[in-house]
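>>> build me a model:
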Amino acid sequence: MITGSAQGTTYHITYYAKDSSVTKFQIDSILNKIDSSLSIYKPYSLISRFNNSTDGIIADKHLTQVVKKGIETCISTKGIFDITVYPYTEAWGFGIKKIDSTPSDKTIQQLHSCVGSKKLYWAANKLGKKISCVKLDPNGIAQGYSVDVIADFLSANGINNYLVEIGGELRVRGKRQPDNSTMKVAIEVPGEDQWNISLSQRVIAIEDGAITTSGNYRKFYESKGKKISHIIDARTGYPAQNELISVTVFAKDAITADAYDNALMVMGLKKALAFVENKKDISAHFIYYKKDGTIADTASVRFNKMFHP
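From the prediction side, this is the model:
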C-alpha cells in the first residue's frame, strides 16, 4: 500500500504485483504535476493563470482533458454542471478568498455574464475565453481525473489488480490477491453525530470501475439559519436546495463519476433518478430526506445489482 497527502486530502493506493514496481515518489510526482495544472490554490498553476488572464492560455494535457470533459458534462446536464462556475463559487465563499456575507441577488445576476461553457473556445492548443471574467472551477471533476491518471499509470506498468483512492473518490480494477476475491467498497454515509443517520452500511462489489460521492455535508456553512452548500446550480448561481443529502455514482472511470455526482445533487431525487436510468454509462445511489423528515436511501436499477449481500 502507498499512502500520502495531496490536493488538500489524503490518498491510498493498494496494488498487487510481484515486486514494488510503482513507488510513492512516482505517485507524488504525478499528483504534483496535476496540481501544477489544475489547482486553484497554487498561483502558478495553469488554471490560476487562465483565471487571471484576459483571453486564455496554452493548455497542457491535464487541463485539456478536464475542460473537454467539463464541456461534455455541461451539454449532457443542460448547464447544471458547468466548469466555468467559479465566479459563483467565489461569491458564495468557496473559492480562495473568504467572504464577510452571502452575495445579494443583484451580485449573482451580475455574474451571469461570466458563467457558461459557451464562453470558452479552442484555438489549436490554446484555451481561450470570450469574456475576461470567465473563470474555471475544476473542483467538481479534478479529483476524479487524478484518480484516473494514477490508475492508468498502474495499468501502464503492468499492474492489473488495484484500488486507487483520493479523498474518497476511487477506482478499482481486478481482484484482491492472493485469494482472487472481488474487491468490496463501502458507500460513504454522513456521520451520525451530524445527521442522525441510522442507515445500515451499504457495500458494493466491483471488479472494474469508479465510485465517487458528492454530498452537501462535505463543504457548507450556515448563514441566517440556512445551510449554504458548495454544490451550486450553474444555471442559477445559487447553492442546491432539495431533499438530497448525498449521491454516489458508479462509472467506468472516475472523471465521469465525479463530473455527474454534483449535477445529480442539484437535480433532486426524482429528476436525478430518471436522468441516471436514461444514461447507460452511469448508475447511482442516493441518500435523502423523506417528506416526514426521516432519512432513507434508494438506488438506480443498475446500481442495485452491485450491492454485496
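>>> please identify which helix or strand holds residue 14.
Applying DSSP states H and E as the criterion places residue 14 in strand 9-15.
>>> could you export that strand as PDB, CA atoms only?
Listed next in PDB are the C-alpha coordinates belonging to strand 9-15 (Å, rounded to 0.1, in the frame of the first residue of the first chain):
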ATOM      1  CA  THR A   9      -6.700  15.500   1.300                       C
ATOM      2  CA  THR A  10      -5.200  12.000   1.500                       C
ATOM      3  CA  TYR A  11      -4.700   9.200  -0.900                       C
ATOM      4  CA  HIS A  12      -4.400   5.400  -0.600                       C
ATOM      5  CA  ILE A  13      -3.300   3.000  -3.300                       C
ATOM      6  CA  THR A  14      -3.400  -0.700  -3.000                       C
ATOM      7  CA  TYR A  15      -2.000  -2.800  -5.800                       C
END
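>>> tell me the buried residues in that strand?
By neighbour count with 16 or more other Cβ atoms under 10 Å, strand 9-15 contains the buried residues 11, 13, 15. In this view, the C-beta of every residue, glycine as well, is placed from N, C-alpha and C.
>>> nearest to residue 100, of those?
Distance ranking of the buried residues of strand 9-15 against residue 100, using Cβ to Cβ, places residue 11 first at 34.3 Å.
>>> hmm, which helix or strand of the chain has the shakiest average pLDDT?
helix 192-195 (a mean of 46; mean pLDDT, DSSP states H and E).
>>> where does the stretch 201-309 of the chain have low pLDDT?
Within the stretch 201-309 of the chain, the stretches with pLDDT under 70 are 201, 217-225, 309.
>>> could you pull out the helices for it?
Along the stretch 201-309 of the chain, the stretches classed as helices by DSSP state H, counting those that start in this stretch are 254-267, 269-278, 301-304.
>>> most tightly packed of the ones you listed?
Among those, judged by mean count of other Cβ atoms under 10 Å, the one packed with the most neighbours on average is helix 254-267 (a mean of 27).
>>> now the angle from that helix to helix 269-278?
Note on geometry: by axes from the mean of the first three to the mean of the last three Cα atoms, to 10 degrees, helix 254-267 and helix 269-278 are set 150 degrees apart in direction.
>>> and residue 184, what helix or strand is that in?
Element membership for residue 184, per DSSP H and E: strand 183-186.
>>> check which residues of that strand are buried.
Of the residues in strand 183-186, those buried by neighbour count under the rule 16+ other Cβ under 10 Å are 183, 185.
>>> sheet partners, orientation included, of it?
Applying DSSP bridges, strand 183-186 is found paired with strand 203-206 (antiparallel).
>>> which non-adjacent residue is nearest residue 181?
In this structure, residue 181 finds its nearest non-sequential neighbour in residue 175, 6.0 Å apart by Cβ to Cβ, 6 or more residues apart in numbering.
>>> just checking, the one you found touches residue 184?
No - the criterion here is Cβ atoms under 8 Å, and residue 175 misses it with residue 184 at 10.7 Å.
>>> just to revisit the earlier point, just put the helices of the stretch 201-309 of the chain in JSON lines and tack on distance to residue 180.
Putting the helices of the stretch 201-309 of the chain into JSON lines (distance: least, Cβ to Cβ, whole Å) gives the following:
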{"stretch": "helix 254-267", "distance to residue 180": "24"}
{"stretch": "helix 269-278", "distance to residue 180": "31"}
{"stretch": "helix 301-304", "distance to residue 180": "25"}
